[in-house]
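[1] Any chance you could fold what I've pasted below:
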Amino acid sequence: METVTSFNRLELLQVADAVAREKAIERDVVLMAMEDAIQKAARSRYGLENDIHAEIDRKSGEIRLERHLQVVEKIENDAIEIGIGEAQRRNPDAQVGDVIAEPLPPIDFGRIAAQTAKQVIVQKVREAERERQYAEYKDRIGEVVNGLVKRVEYGNVTIDMGRAEAILRRDELLPRETFRQGDRVRAYIYDVRREPRGPQIFLSRSHPQFMAKLFAQEVPEVYDSIIEIRAVARDPGSRAKIAVLSNDNSIDPVGACVGMRGSRVQAVVNELQGEKIDIIKWSPDPATFIVNALAPAEVAKVVLDEEANAVEVVVPTDQLSLAIGRRGQNVRLASQLTGYDIDILTEEEESERRQKEFRERSQLFIDALDVDETLAQLLVTEGFTKIEELAYLPVEELAEIEGFDGDVANELHERAMEYIDKRNSEMEDKRKTLGVSDEVAGIEGLTPPMLVALGEKGVKTLDDLGDLAGDELQEIVGEGLSNDDANAIIMAARQHWFEGEESGQA
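    You can find the predicted model right below:
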């Protein structure tokens, strides 16, 4: 009988070793799972109310069962408690709060107990395997991996990566791309999450960084960080733009990525099912970068508004369709690549708009200052766009403009001030009629026209103004208010809220 028992013990350790090797988890984790299973079976045998612990000797494979009893003054539950008197008879050093271990005879596993034990072991091993997978892959986000297609369900592809499974969702595939069981797939790990059914590893073939990583595999200079990929924009399966910069002046970043006769870029194109790739030289100067990004179209002029993150690009008429691209693809990708909203105009459209603006501004000066057309056009040509610019410019500087003298400068300055005073007076009356409070009017930075615009939108009290966000205020009052100024005005309107809180606390 002893030889049979020894064989069983040895077998137990061999099974634990085999499972640990197969699932790539620690042997100790498997043995702990077995202990849990034996413990559960023993509680079914001796009573679920008992606190039973099982231990497998890591060297001999011997199973020890114990019932744990807590030492108490007064027994309330004799299944898990033992009186201090009884405890001290067994162990004279026992104190209240100690735990006494009572050995139990080994149990014979019945069919049901064995089945239960097997389920517990399988479950615990599966949990350990999932934890191992999560620990292994959570730091691998951003890597490109290879795997085999295990199954395809509703367009979603499950990939076997050897030590784990990953999911390649339908919306992360390239358009019109299909896979069958057994196909080899290369993809980018973009997320690893803990989920109730185990760690989920999410792959993508449409992610912009997948292209960047493919270039790193094909171009040694990118892998060695001699060439940096600064930005990527993709229309998956159709077209992409990639901006590159060389840290070594002797190496052309575009040429290195293209390769001899296009061999390097072609390897990436083949992997991405023929996606056309424009390789662009990155520039720290936004205007230059935008011009490069719109290639192959030629650009005549760039007007940049860095604060609004927008840019106007003027192109020759014959380049318009090329700059916009099929269904707006070229300008959309250039916008994604540079981070600027790009508005494309032809030279004719820009000329027409400039002339219209010139006429409108000239008319503004004619109407407001009662000057002739020639003088109004001269002011516009000198760069004046608003009456305020004339009113607040020192007369000496105004007199320095060619064609002006001191008398003309003084007269223009006085008329500009009169116009602003009259307009402000009208606006003040209108502000009061609209019901905008004096407290709102007293906030620094809000001009009379801005106060009227607020009143027309129903913003009349400090609370109304305080409830706005900075961009909402800018939208209401129009141009002339920066984002910082808008936020400062709103904080000034909210000041009375905090003062109320402080007096309440005091």
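[2] What is the three-state secondary structure of the spatially closest residue to residue 489 that is not a sequence neighbour?
    Using CB to CB, 6 or more residues apart in numbering and skipping residues adjacent in sequence, the residue nearest residue 489 is residue 445, 5.1 Å away. Backbone N, C-alpha and C define where each C-beta goes, glycine included. At residue 445 the chain is in coil, as set by DSSP: H, G, I helix; E, B strand; the rest coil.
[3] okay, the nearest residue to residue 79 once chain neighbours are set aside: pLDDT?
    Distance criterion CB to CB, 6+ apart; nearest residue to residue 79, sequence neighbours excluded, is residue 49 at 4.1 Å. According to the prediction, residue 49 has pLDDT 74.
[4] show me where pLDDT drops low in the stretch 401-506 of the chain?
    Residue ranges of the stretch 401-506 of the chain with pLDDT under 70: 403, 405-406, 479-480, 499-506.
[5] Look up how far residue 365 lies from the nearest residue to residue 369 once chain neighbours are set aside.
    Leaving aside its sequence neighbours, residue 369 sits nearest to residue 415 (CB to CB, 6+ apart; 4.6 Å). Per CB to CB, to the nearest Å, residue 415 is found 10 Å from residue 365.
[6] Spell out which residues are contacts of both of those two.
    Listed contacts common to residue 415 and residue 365 are residue 371; contacts here mean CB atoms under 8 Å, 6 or more residues apart in numbering.
[7] who's more crowded, the two?
    Neighbours of residue 415 and residue 365, each counted by other CB atoms under 10 Å, are more numerous for residue 365; the result is 27 against 18.
[8] gap between that one and residue 426?
    Between residue 365 and residue 426 the computed distance is 19 Å (CB to CB).
[9] what number of residues lie near residue 391?
    Around residue 391 there are 17 other residues, counting by other CB under 10 Å.
[10] check contacts around it.
    Contact analysis of residue 391 by CB under 8 Å, 6+ apart lists 413, 416, 417, 419, 420.
[11] For these, pick the one with the most neighbours.
    Counting neighbours by other CB under 10 Å, residue 416 comes out on top of those with 23 neighbours.
[12] Verify the contact between that one and residue 384 for me.
    No. Residue 416 is beyond contact range of residue 384, at 9.8 Å (criterion: CB atoms under 8 Å).
[13] Now the common contact residues for the two.
    Between them, residue 416 and residue 384 share these contacting residues under CB under 8 Å, 6+ apart: residue 390.
[14] what's the helix or strand for residue 230?
    Using DSSP states H and E, residue 230 sits within strand 227-235.
[15] next one: phi and psi at the residue lying farthest from the centre of the chain?
    Using CA atoms, centre = their mean, the residue of the chain lying farthest from its centre is residue 89. It sits 66.1 Å away. Residue 89 adopts backbone torsions of phi -70, psi -40, taken as degrees, to the nearest 10.
[16] Repeat that for residue 61.
    Per-residue torsions, residue 61: phi 80, psi 10 (degrees, to the nearest 10).
[17] Residue 166 in helix, strand or coil?
    Assigned with three-state DSSP, residue 166 falls in the strand class.
[18] Next, the contact list for it, please.
    Residue 166 makes contact with 145, 147, 158, 159, 187, 189, 201, 202, 203, according to CB under 8 Å, 6+ apart.
[19] Could I have the ChimeraX command that selects the buried members from those residues?
    Filtering the contacts of residue 166 down to the buried ones (16 or more other CB atoms under 10 Å) takes a single ChimeraX command:
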select :145,147,158,159,187,189,201,202,203
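[20] Name the nearest of the contacts of residue 166 relative to residue 272.
    The shortest approach to residue 272 among those belongs to residue 187, at 11.5 Å (CB to CB).
[21] Bridge partners for the closest residue to the closest one other than its chain neighbours, pull those for me.
    In this structure, residue 187 finds its nearest non-sequential neighbour in residue 203, 3.8 Å apart by CB to CB, 6+ apart. Note on residue 203: beta-bridge partners by DSSP bridges are residue 168, residue 189.
[22] C-terminal to the lengthiest helix in the chain, which secondary structure element comes first?
    For the chain, the helix with the greatest residue count under DSSP state H is helix 406-434. The helix or strand immediately downstream of helix 406-434 is helix 438-441, counting by DSSP H and E.
[23] Show residues contacting that next one.
    Helix 438-441 is contacted from outside by 431, 446, 451, 454, 459, 460, 461, 462, 464, 465, 493, using CB under 8 Å, 6+ apart.
[24] What mean pLDDT does the helix or strand hosting residue 279 get?
    If you go by DSSP H and E, residue 279 is part of strand 276-281. Averaging pLDDT along strand 276-281 gives 90.
[25] what helices or strands is it leaning on?
    Under the contact criterion of 3 or more CB pairs under 8 Å, 6 or more residues apart in numbering; DSSP states H and E, strand 276-281 touches strand 239-246, helix 253-258, helix 263-271, helix 286-293.
[26] would you list those in a markdown table and tack on mean neighbour count and distance to residue 34?
    Converted to a markdown table, these look like this (neighbours: other CB atoms under 10 Å; distance: least, CB to CB, whole Å):
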| stretch | mean neighbour count | distance to residue 34 |
| --- | --- | --- |
| strand 239-246 | 22 | 53 |
| helix 253-258 | 19 | 55 |
| helix 263-271 | 17 | 46 |
| helix 286-293 | 20 | 62 |
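[27] Of all those, which one comes closest to residue 339?
    Of all the helices and strands packed on strand 276-281, helix 286-293 comes closest under CB to CB, at 8.8 Å.
[28] send the alpha carbons of the closest one over as CSV?
    Taking C-alpha atoms only, helix 286-293 is exported to CSV below (Å, rounded to 0.1, in the frame of the first residue of the first chain):
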residue,chain,number,x,y,z
PRO,A,286,4.8,75.4,-39.4
ALA,A,287,4.4,77.2,-42.7
THR,A,288,7.2,75.2,-44.4
PHE,A,289,5.8,71.9,-42.9
ILE,A,290,2.3,72.7,-44.2
VAL,A,291,3.6,73.4,-47.7
ASN,A,292,5.6,70.1,-47.6
ALA,A,293,2.5,68.2,-46.3
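[29] Thank you kindly, that will do.
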